[in-house]
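**Q** Sequence plus the predicted model coming up.
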Amino acid sequence: MIRSFRLRLTLWYLGFFSLLFLLFGLFLYGRLAASLQHRLDDTITGQARTAATLFADEYREQDGDPWKAASEIVGNDLRGQQLAIFAGGSLLAFGGPATPAQYAAIAAQAARSPGPDVLVPVPGLGPAGSRAAVHRRDVDGDDYLVVACQPLDATAADLRVVREVLFLATPLLLALAGFGGYLVARRSLAPLGWMAEQARRIGGSNLDARLEIGRAAEELEVLAESFNGLLARLDQTFGGMRRFVADASHELRTPIAVIRGEADVALSQDRSAAAYRETLAVILDESRRLSRLVDDLLNLARADAGNAQLQMREFYFDDLLRDCCRSVQALAAARGVAVECRSPEDVPYRGDEELLHRLAMNLLDNAIRHTPSGGQVVVSLELFDSGLCIRVSDTGSGIAPEALPHLFDRFYRGDRARSRQDGGFGLGLAIVKWVAESHRGAVEVSSQPGAGSTFTVSLPR
């Protein structure tokens with residue numbers, strides 16, 4: 001199998017051109033043959049009519065003697081034509097190389113056809129055969145047949161010349177067409193070579209580079225734009241991965257450094273049991289933070305890979321929301337924040353209860369941590385025909401407008417120092433978005449600095 005696209009394109013072009021040229025040659029040859037035969041038929045038909053008119057005039061001059069009139073007309077040898085005249089089936093006179101039997105066969109064949117003029121092919125007469133025209137003429141009440149016969153040698157010679165020209169011209173034209181097709185294919189596909197060379201120079205370190213093909217064909221421009229779009233998406237993905245790795249490394253470094261530091265201090269000298277317990281408490285707390293961070297990273301990695309499996313089951317969403325509110329009461333009380341839960345009774349829903357529980361907990365935890373003492377957090381559950389809506393509103397400091405587009409990015413914090421101090425990693429809202437989208441829902445946020453924020457999660461039934 002030919003793998004060169006340039007050569008395959010050339011062969012397809014050559015095959016199509018050959019087919020067109022063959023069809024054109026057959027059409028031209030057929031039209032020329034028909035035209036030459038039509039011209040010959042007109043010529044011999046005119047000769048037969050002219051000879052019949054002259055025979056009628058000569059018949060009257062010879063006082064009604066058809067034999068003398070026929071002999072006179074045939075003997076004149078008008079323009080070298082081959083003539084024969086019949087009267088009632090009897091041959092009166094004939095001329096040319098045709099025999100009386102051949103003329104009789106022509107007359108018999110014409111007698112079976114109606115009309116004053118009949119065209120009859122005459123095989124075997126001449127190298128290429130002959131063509132005869134038979135004209136009926138009534139002279140003084142008697143029926144006469146005038147036969148004009150002419151060989152097809154001249155017509156055959158003309159067609160032979162046309163065939164020779166076509167046979168000689170075909171290889172030359174096909175060779176020129178193949179060479180021209182190869183040049184056209186090579187020139188048309190040249191931008192693909194430029195694109196391939198540029199693509200080979202693009203790697204992970206220069207994904208911001210783009211293909212340049214100049215004034216290429218429209219189809220190649222579409223290909224280049226599609227490839228550049230792919231490069232842009234890859235650049236964005238690789239950039240997100242680099243930031244993700246850098247942020248994850250930064251988040252992991254802090255608790256690991258705390259654990260290592262506490263262990264080094266504890267092992268540097270003998271201490272009391274209380275001091276060891278305090279050190280172990282710090283290590284346990286940081287280990288829990290590490291475990292929570294690793295779980296979050298693992299869940300997000302599975303979501304990115306498409307391997308996260310939802311454990312779908314029936315449950316009551318209002319019960320889930322009230323459980324979440326009870327779970328955060330201790331944290332809210334420690335910060336002086338009031339939590340209010342508003343929900344109708346008995347709201348059935350089918351989904352992953354554990355993930356949705358985590359979604360609600362993350363929203364509540366985020367709202368409580370960003371609400372000052374004396375503030376309030378309100379959680380409401382609303383029902384619609386198409387699904388349900390969860391709203392978590394707080395009376396906190398709000399979110400700056402420039403931070404809203406990045407709020408659901410991983411490891412993003414509007415206030416990095418305070419979030420790290422509060423134990424957050426910047427992954428809570430990213431997990432909220434993933435859980436909502438995995439249930440074919442969406443999450444939105446509205447906020448004004450100094451007036452609080454409202455997170456809205458819409459979930460279809």
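**A** Looks like it arrived, so ask away. Residues are numbered from 1 along each chain as shown.

**Q** How is residue 3 classified with respect to secondary structure?
**A** coil (DSSP: H, G, I helix; E, B strand; the rest coil).

**Q** ditto for residue 334
**A** Following three-state DSSP, residue 334 is assigned to helix.

**Q** how close does it sit to residue 176?
**A** According to C-beta to C-beta, to the nearest Å, residue 334 and residue 176 sit 91 Å apart. Quick note: C-beta positions are derived from backbone N, CA and C, even for glycine.

**Q** ok, residue 378 touching residue 342?
**A** Yes - between residue 378 and residue 342 a contact is recorded at 6.7 Å, counting by C-beta atoms under 8 Å.

**Q** more crowded one of these two?
**A** When neighbours are counted by other C-beta atoms under 10 Å, residue 378 comes out ahead of the other of residue 378 and residue 342, with 17 against 12.

**Q** residue ranges of the strands in the protein, please?
**A** Taking DSSP state E, the strands of the chain run over residues 82-87, 90-94, 117-122, 130-139, 142-151, 312-316, 338-342, 348-352, 376-383, 387-394, 442-448, 452-460.

**Q** same for the fourth one, what does it pack against?
**A** Translated: strand 130-139. Applying 3 or more C-beta pairs under 8 Å, 6 or more residues apart in numbering; DSSP states H and E, one finds that strand 130-139 contacts helix 5-61, helix 100-111, strand 117-122, strand 142-151.

**Q** pretty sure residue 140 is in contact with residue 64, am I right?
**A** Yes - Residue 140 lies in contact with residue 64 (C-beta under 8 Å); the separation is 6.7 Å.

**Q** According to the record, where do the domains of the protein fall?
**A** For the chain, automatic domain parsing gives the domain ranges 5-157, 218-304, 311-460.

**Q** first to last residue in stretch 366-374, what's the distance?
**A** End-to-end distance of stretch 366-374 (C-alpha to C-alpha, to the nearest Å): 16 Å.

**Q** Where does pLDDT dip in the stretch 1-150 of the chain?
**A** For the stretch 1-150 of the chain, applying pLDDT under 70 flags the ranges 1, 77-81.

**Q** Would you reformat the domains of the chain as TSV and include distance to residue 171?
**A** Output for these, formatted as TSV (distance: least, C-beta to C-beta, whole Å):
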stretch	distance to residue 171
domain 5-157	11
domain 218-304	33
domain 311-460	66
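
**Q** Which one, of these, ends up nearest to residue 170?
**A** Closest of these to residue 170 is domain 5-157, at 6.8 Å (criterion: C-beta to C-beta).

**Q** Can you list the low-confidence ranges for the stretch 351-461 of the chain?
**A** Applying pLDDT under 70 to the stretch 351-461 of the chain picks out residues 410-426.

**Q** hmm, 80 instead?
**A** Low-confidence segments of the stretch 351-461 of the chain (pLDDT under 80): 402-428, 450-451, 461.

**Q** Residue 85: how many residues sit nearby?
**A** Residue 85: 27 surrounding residues under other C-beta under 10 Å.

**Q** how near is it to residue 38?
**A** 26 Å.

**Q** Same check on residue 354?
**A** For residue 354 relative to residue 38 (C-beta to C-beta), the value is 92 Å.

**Q** cool, residue 178 as well?
**A** Look at residue 178 and residue 38: by C-beta to C-beta, they are 37 Å apart.

**Q** Next: residue 28.
**A** 16 Å.

**Q** Quick check: which ranges of the stretch 151-300 of the chain have low pLDDT?
**A** Across the stretch 151-300 of the chain, the ranges flagged by pLDDT under 80 are 188-195, 203-208, 211-221, 223, 236-255, 258, 285-286, 288-300.

**Q** residue ranges for the helices of it, please.
**A** Here the stretch 151-300 of the chain has its helices, by DSSP state H, counting those that start in this stretch, at 153-200, 218-268, 273-305.

**Q** okay, those in a markdown table with distance to residue 396 next?
**A** Formatted as a markdown table, the helices of the stretch 151-300 of the chain follow (distance: least, C-beta to C-beta, whole Å):
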| stretch | distance to residue 396 |
| --- | --- |
| helix 153-200 | 50 |
| helix 218-268 | 23 |
| helix 273-305 | 23 |
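
**Q** Rebuild these as TSV, extending it with mean neighbour count and distance to residue 18.
**A** What follows is the helices of the stretch 151-300 of the chain, written out as TSV (neighbours: other C-beta atoms under 10 Å; distance: least, C-beta to C-beta, whole Å):
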stretch	mean neighbour count	distance to residue 18
helix 153-200	13	6
helix 218-268	14	26
helix 273-305	14	53
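
**Q** Now stretch 316-331 - C-alpha only, CSV.
**A** The C-alpha trace of stretch 316-331 is given here as CSV (Å, rounded to 0.1, in the frame of the first residue of the first chain):
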residue,chain,number,x,y,z
TYR,A,316,-33.7,12.7,52.5
PHE,A,317,-31.8,15.9,51.7
ASP,A,318,-33.4,17.8,54.6
ASP,A,319,-32.0,15.3,57.1
LEU,A,320,-28.5,15.6,55.5
LEU,A,321,-28.6,19.4,55.8
ARG,A,322,-29.7,19.4,59.4
ASP,A,323,-27.0,16.9,60.3
CYS,A,324,-24.4,19.2,58.7
CYS,A,325,-25.8,22.2,60.7
ARG,A,326,-25.6,20.2,64.0
SER,A,327,-22.0,19.2,63.1
VAL,A,328,-20.8,22.8,62.8
GLN,A,329,-22.5,24.1,65.9
ALA,A,330,-19.4,23.7,68.0
LEU,A,331,-17.2,25.5,65.5
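
**Q** Show residues contacting that stretch.
**A** With contact meaning C-beta atoms under 8 Å, 6 or more residues apart in numbering, stretch 316-331 is reached by 339, 341, 343-349, 353, 356-357, 360-361, 364-365, 368, 379, 381, 388, 390.
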